[in-house]
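> Got a predicted structure here, sequence first:
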Amino acid sequence: IVSDTFDDEFDSSLPTVILTSKDNVHYDTVGVSVKDFVYNMVLYLKNKGHTKIGFAGEPRTYATEEQFKFAMDRLNLEVVDDFVYISDKRFQDAGIEIAETISNQEEKPTAIVTSYAEIGIGLIHELINRGISVPDDISVLARNNIPSCEYSQVPLTCFDLFDAEVALAATDLLYDKIF
């Protein structure tokens with residue numbers, strides 16, 4: 001079982017399963033569809049009454065940003081360029097930097113989808129420090145339900161990637177390939 005960051009020239013005569021959301025013609029893959037995942041996050045916020053939804057990410061989360069824009073379009077919601085925040089920083093530092101930008105904007109989103117939980121934790125922390133109420137003024141939603149989410153100043157609402165289920169499915173698939 002290998003992660004999707006393996007070398008494209010990877011060649012193995014051993015049974016192999018790749019943990020990825022991308023299709024691979026040479027190997028079996030197991031993962032969660034980013035497209036479906038982000039769509040469901042935006043749908044959740046729309047069903048809660050949000051229409052001014054933003055996105056918070058960093059350069060390595062380009063695919064998630066594109067899926068966010070696709071989901072917004074599919075759900076007939078306007079993508080406001082000023083609500084798409086891409087930080088050059090990573091993890092909590094990205095969230096902190098994005099919160100600084102948001103606090104200086106006259107018009108703000110009512111909800112933000114973050115590309116992963118650490119960005120959401122930093123975002124919540126800094127929004128609150130700047131006098132913006134979470135979730136009353138801005139709701140924050142993240143993917144990846146990491147343990148520290150529940151210890152955020154305001155517990156971070158997360159969509160879980162079902163890591164345990166994905167790992168079990170990969171293990172079962174590999175077992176079937178071997179036996």
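Arrived safely, thanks for sending. Residues are numbered from 1 along each chain as shown.
> Now do the residue nearest to Pro59 when sequence neighbours are not counted: how many residues are near it, please.
Counting by Cβ to Cβ, 6 or more residues apart in numbering, Ile86 is the residue found nearest to Pro59 once chain neighbours are left out, at 6.6 Å. C-beta: built from backbone N, CA, C; applies to glycine. Using other Cβ atoms under 10 Å, Ile86 is surrounded by 16 other residues.
> give me the beta-bridge partners of Ile86?
Gly57 (DSSP bridges).
> Assess the claim that it and Arg60 are in contact.
No - if you go by Cβ atoms under 8 Å, Ile86 and Arg60 don't touch, sitting 10.1 Å apart.
> what about the residue lying closest to Pro135 once chain neighbours are set aside, which SS state?
Among residues not flanking Pro135 along the chain, Val154 sits closest, at 6.7 Å (Cβ to Cβ, 6+ apart). Secondary structure for Val154, judged by DSSP: H, G, I helix; E, B strand; the rest coil, is coil.
> try the one 10 residues further on
Local secondary structure at Ala164 is given as helix here, using three-state DSSP.
> Tell me who's in contact with the residue nearest to Pro59.
Contact analysis of Ile86 by Cβ atoms under 8 Å, 6 or more residues apart in numbering lists Gly57, Glu58, Pro59, Glu65.
> In PyMOL, select just the buried ones from those.
In PyMOL, this line selects whichever of the contacts of Ile86 come out buried by 16 or more other Cβ atoms under 10 Å:
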select buried, resi 57+58+65
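> Which residue is the nearest non-sequential neighbour of Ala142?
That would be Gly120: by Cβ to Cβ, 6+ apart, it lies 3.6 Å from Ala142.
> Please consider this matter closed, and thank you.
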